[in-house]
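> structure of the sequence below:
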Amino acid sequence: MTAQEIIASLSMHRHPEGGWYVETFRDSPEGGPHGERGNQTAIYFLLEHGDMSAWHRVKDAAEIWHYHAGAPIELKICPPGGKVSADVLGVDIAAGQRPQCVVPAGWWQTARSLGDWTLVGCTVSNSPSSSWRNRAGSRVRPLPRLPQPCARRRSAILPPERRRR
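Residues are numbered from 1 along each chain as shown. Got it, this is the predicted structure:
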């Protein structure tokens, strides 16, 4: 299948941080009015070649990335005040790829497909509501103020048209 066929088949929409997504699960807290804050959410997330998930973080919850199909995906993470590290999600475990990766709460993260397209799943427990109010980062300028080690590496993931001049 092509990326566009997957996007259509899964009824995906543009994600505010880049790429395509569709929410597949939202668990509302027991007794919570109107489900303002879900206990857990799950999405399918697709990145095409040249697209990226902009630097962002989930302030108060861990996010688990699950590889599903397509090319491997590079996931860069950075703890507050720390150094950027990178993992490659995919099925070639012998080559060091991992089928899933956990991004701890409050850590910065960004991702890009290493091929034509990548389909992953992202699960957040004790997640924010659909307003994204507990997320930091943006796909539009100005880019988020990253801890200094992350900021120095920002150009390593951004396409040339998004880099600061």
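
> now the residue nearest the centre of the chain: how far from residue 95?
For the chain, residue 53 is the residue whose C-alpha lies nearest the centre (CA atoms, centre = their mean; 5.5 Å). Shown here: residue 53 relative to residue 95, a distance of 22 Å by CB to CB, to the nearest Å. For the C-beta atoms, the positions are set from N, CA and C on the backbone; glycine is no exception.

> avg pLDDT for stretch 95-106?
Averaged across stretch 95-106, the pLDDT comes to 97.

> could you dump it to CSV, C-alpha only?
The C-alpha coordinates for stretch 95-106 follow below in CSV (Å, rounded to 0.1, in the frame of the first residue of the first chain):
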residue,chain,number,x,y,z
ALA,A,95,20.4,-4.1,13.5
GLY,A,96,19.5,-2.3,16.7
GLN,A,97,15.9,-1.3,15.8
ARG,A,98,13.3,-1.6,18.5
PRO,A,99,9.6,-2.4,17.9
GLN,A,100,8.6,0.2,20.6
CYS,A,101,10.0,3.0,22.6
VAL,A,102,8.9,4.9,25.7
VAL,A,103,9.2,8.6,26.0
PRO,A,104,9.1,9.6,29.7
ALA,A,105,6.7,12.4,30.8
GLY,A,106,8.1,15.8,30.2
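
> run through who's touching that stretch.
57-67, 72, 75, 77, 79-80, 87-91, 93, 109 (CB atoms under 8 Å, 6 or more residues apart in numbering).

> now the buried members of those.
57-58, 61-63, 65-67, 72, 75, 77, 79, 87-90, 109 (16 or more other CB atoms under 10 Å).

> what ranges do the helices span in the chain?
All helices of the chain, identified by DSSP state H, fall at 3-9, 148-153.

> show me what contacts the closest residue to the residue nearest to the centre of the chain other than its chain neighbours?
Spatial nearest neighbour of residue 53, chain neighbours left out: residue 111 (4.3 Å); criterion: CB to CB, 6 or more residues apart in numbering. Each residue near residue 111 by CB under 8 Å, 6+ apart is listed here: 47, 52-53, 65, 73-76, 120.

> a markdown table for these, including pLDDT and distance to residue 105?
A markdown table is the format used below for the contacts of residue 111 (pLDDT from 0 to 100; distance: CB to CB, whole Å):
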| residue | pLDDT | distance to residue 105 |
| --- | --- | --- |
| 47 | 98 | 23 |
| 52 | 95 | 22 |
| 53 | 96 | 17 |
| 65 | 98 | 14 |
| 73 | 98 | 21 |
| 74 | 98 | 21 |
| 75 | 98 | 16 |
| 76 | 98 | 17 |
| 120 | 98 | 19 |
